[in-house]
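Asker: Coordinates for the following, if possible.
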Amino acid sequence: MPKMKTHRGAAKRFNVTKSGKVKRAKAYKSHILNKKSAKRKRNLRKGTFISDAEQKNIRMLIPYKR
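Answerer: Numbers count the residues shown, from 1 in each chain. Next up, the predicted model:
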């Protein structure tokens, strides 16, 4: 059986932690930053986890990130 291909876009956006959760960056931090408060922008810097409903789909895209 041939090797599975990794979805390169997903590989750049997601990481898998030791406990097996899929980590992602938050959205809305790329432009139009003037109207956003410093507190809001600071909180957008922090990573967060993918919802349980999306875990299976993302894992299929990044099979070798464990």
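Asker: Next up, the contacts around T6.
Answerer: With contacts taken as Cβ atoms under 8 Å, 6 or more residues apart in numbering, T6 has the following neighbours: 61-65. Backbone N, C-alpha and C define where each C-beta goes, glycine included.
Asker: of these, buried ones?
Answerer: Restricting the contacts of T6 to buried positions leaves 61-62, with burial counted as 16 or more other Cβ atoms under 10 Å.
Asker: now, which of the contacts of T6 sits nearest M1?
Answerer: For M1, the closest of the contacts of T6 turns out to be P63, at 12.5 Å, with distances computed as Cβ to Cβ.
Asker: Could you find the closest non-adjacent residue to that closest one?
Answerer: Counting by Cβ to Cβ, 6 or more residues apart in numbering, the nearest residue to P63 once its immediate chain neighbours are dropped is M4, at 4.8 Å.
Asker: The residue nearest to the spatial centre of the chain pairs with what?
Answerer: The chain has R24 as the residue nearest its centroid, 2.2 Å off, counting by Cα atoms, centre = their mean. Partner residues in beta bridges with R24, using DSSP bridges, are F14, T48.
Asker: isn't it right next to I50, touching?
Answerer: Yes. Counting by Cβ atoms under 8 Å, R24 does reach I50; the two are 5.6 Å apart.
Asker: overlap in contacts of the two?
Answerer: Between them, R24 and I50 share the neighbouring residues F14, with contact defined by Cβ under 8 Å, 6+ apart.
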